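J.: Below are the sequence and a predicted model for it; my questions follow.
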Amino acid sequence: MNLNTRQFGELEFDESIVYHFPYGLLGFEELHKFIVINNKDIEPLRWLLSVEDPDIGFPIVEIARIAPELNKELSAGELKSFTTFVVVTLNRDPEPMTVNLRAPVLLNNAAKTGKQVVLNSDKYSTRHEIN
Amino acid sequence: MLVLTRKLGEVIKIGDKVKVVVVSIEGGSVKLGIEAPEEIPVHREEVYDKIAAENRAASSGFDKEKLQSLKDFLSKGAVPGRTASRNVSSRKKNG
């Protein structure tokens, strides 16, 4: 497959790397197919990029790297099957970068499926400042 | 909008797959139990709106400086909201 992207130029990839999000992400329910861009330039971020609309991409970072205690809010089954991420909002200066702790994104690398879950507890902010 | 009156324990069916039960009524709050198949996600509206708005904000562009500040932040071994543990781990590193 080929994808022309604003941020990463022309990408060529095999369909086997595409994650299927049956219910999309909140507010983006119409988007079901994503690839994860993982390269040195953007490390430790990864980019969850829509295959259907390559202008739409979400910076994500592994929960284990940035807020490990958040994994305790997820079920044992989820932790077993999925790698867990939070969505990062880079924000315009001078606003600091924030992470959305309330709605983690889960990726199942083996099954190539993904979902965004909403935590019940409102102690987790959608805009948690990280610097 | 369809408006229906229900008593405690009574149910509303939406289609043949969604059920809404009145679980309790206390003060100004009504507790509802909702049964819906996985393909019909159920959210509190204000929480849904907040997350959808945040997703929209996150889906925009890429910023090298911000990325660098994230790298710096992570290299400190920090966990957001846990300033204390950050200090401890950096002390350890310095011996």
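T.: Received the coordinates, thanks.

J.: Tell me how many other residues crowd residue 41.
T.: Just so you know, I chose chain A. Per other C-beta atoms under 10 Å in any protein chain shown, the neighbour tally for A:Asp41 reads 10. Every residue, glycine included, has its C-beta placed from N, CA and C.

J.: Oops, wrong one, chain B.
T.: 16.

J.: what's next to the longest strand seen in chain B, contact-wise?
T.: Using DSSP state E to define each element, chain B has its longest strand at strand B:18-26. Defining contact as C-beta atoms under 8 Å, 6 or more residues apart in numbering or on different chains, one finds that strand B:18-26 is touched by B:6-14, B:30-37, B:40.

J.: The residue of chain A found nearest chain B - how many residues pack around it?
T.: Relative to chain B, the nearest point of chain A is A:Gly27 (2.9 Å; C-beta to the nearest C-beta). Residue neighbour count, defined by other C-beta under 10 Å, stands at 17 for A:Gly27.

J.: which SS class is the residue of chain B found nearest chain A?
T.: With C-beta to the nearest C-beta as the measure, B:Ala52 is the residue of chain B nearest to chain A, at 2.9 Å. At B:Ala52 the chain is in helix, as set by DSSP: H, G, I helix; E, B strand; the rest coil.

J.: Next one: the residue of chain A most remote from its centre from A:Ile130, what distance?
T.: Within chain A, A:Pro94 marks the point farthest from the mean C-alpha position, 23.7 Å out by C-alpha atoms, centre = their mean. Distance from A:Pro94 to A:Ile130, counting by C-beta to C-beta, to the nearest Å: 15 Å.

J.: Just the pLDDT at A:Lys40, thanks.
T.: The model reports A:Lys40 with a pLDDT of 80.

J.: shouldn't A:Ile17 be in contact with A:Lys33?
T.: No: A:Ile17 is not in contact with A:Lys33 according to C-beta atoms under 8 Å; the separation is 10.5 Å.

J.: Show me which of the two is the more surrounded one.
T.: A:Lys33 (18 against 13).

J.: Could you verify my assumption that the more buried one touches A:Ser50?
T.: Yes: using C-beta under 8 Å, A:Lys33 is in contact with A:Ser50, at 7.0 Å.
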